[in-house]
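S.K.: Just the structure for this:
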Amino acid sequence: MIEGNCTGIQGGELSLDAPGLPRLVIPRDRAPHVAGAGPVKLVIRAEKLKVTPRAAATTDGSALDARVETVDYQRQSARCFLRAGRHQLQAINMFDDHLFAAGEEVSVRFRAKDCAAHPKEVR
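M.R.: Next comes the predicted model:
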């Protein structure tokens, strides 16, 4: 979960800002309990984050620069623990041509439609 802010709701879309992430516009049905502008928790499932070598180009979605902190190889998949600025992320990807190593600079790709937002609880 990443802390951010809902900056507005227009039609069927919700705009989100989170430090270190690109501005996101997610479908309204991915944030049914967010009533309007204010603090939110952004959720991106680990299996929806795609780790690629830093130089790989993207045409679909958003990308963050990150560093691999550690990798746990599990049969046909790898769980990567990543640091993207102040955010710690986890990604679960199937093996492909590239095996990642601790310390490697990578890109983390995701699509806004795969994100969800929940109101941040006020205590």
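S.K.: From now on I want contacts and neighbour counts done on CA atoms only, so please keep to that.
M.R.: Fine.
S.K.: what bridges to the nearest residue to residue 30 once chain neighbours are set aside?
M.R.: Leaving out its chain neighbours, the residue that sits closest to residue 30 by CA to CA, 6 or more residues apart in numbering is residue 116, at 4.8 Å. Beta-bridge pairing of residue 116 under DSSP bridges involves residue 43.
S.K.: contacting residues for residue 116?
M.R.: Neighbour list for residue 116: 26, 30, 31, 42, 43, 44 [criterion: CA atoms under 8 Å, 6 or more residues apart in numbering].
S.K.: next one: residue 4
M.R.: By CA under 8 Å, 6+ apart, the neighbours of residue 4 are 16, 17, 18, 19, 39, 40, 41, 42.
S.K.: Can you pull the poorly scored residue ranges out of the protein?
M.R.: 55-61, 97, 122-123 (pLDDT under 70).
S.K.: Can you tell me which of the contacts of residue 4 is nearest residue 79?
M.R.: Of all the contacts of residue 4, residue 79 sits closest to residue 42, with 20.2 Å by CA to CA.
S.K.: Test my guess that the closest one contacts residue 1.
M.R.: Yes - the pair residue 42 / residue 1 is scored as a contact, 5.5 Å apart, by CA atoms under 8 Å.
S.K.: Neighbour count added to the contacts of residue 116, as JSON lines?
M.R.: Output for the contacts of residue 116, formatted as JSON lines (neighbours: other CA atoms under 10 Å):
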{"residue": "26", "neighbour count": "21"}
{"residue": "30", "neighbour count": "19"}
{"residue": "31", "neighbour count": "20"}
{"residue": "42", "neighbour count": "21"}
{"residue": "43", "neighbour count": "15"}
{"residue": "44", "neighbour count": "21"}
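S.K.: Show me which of the residues you listed is closest to residue 50.
M.R.: Distance to residue 50, by CA to CA, is smallest for residue 44 among these, at 11.1 Å.
S.K.: Relative to the helix or strand hosting residue 89, what are the paired strands and their orientations?
M.R.: Element membership for residue 89 (DSSP states H and E) is strand 87-94. Neighbouring strands of strand 87-94 in its sheet, by DSSP bridges, are strand 77-84 (antiparallel).
S.K.: Touching the strand it pairs with from outside, list them.
M.R.: Strand 77-84 is contacted by residues 20, 64-73, 88-95 when judged by CA under 8 Å, 6+ apart.
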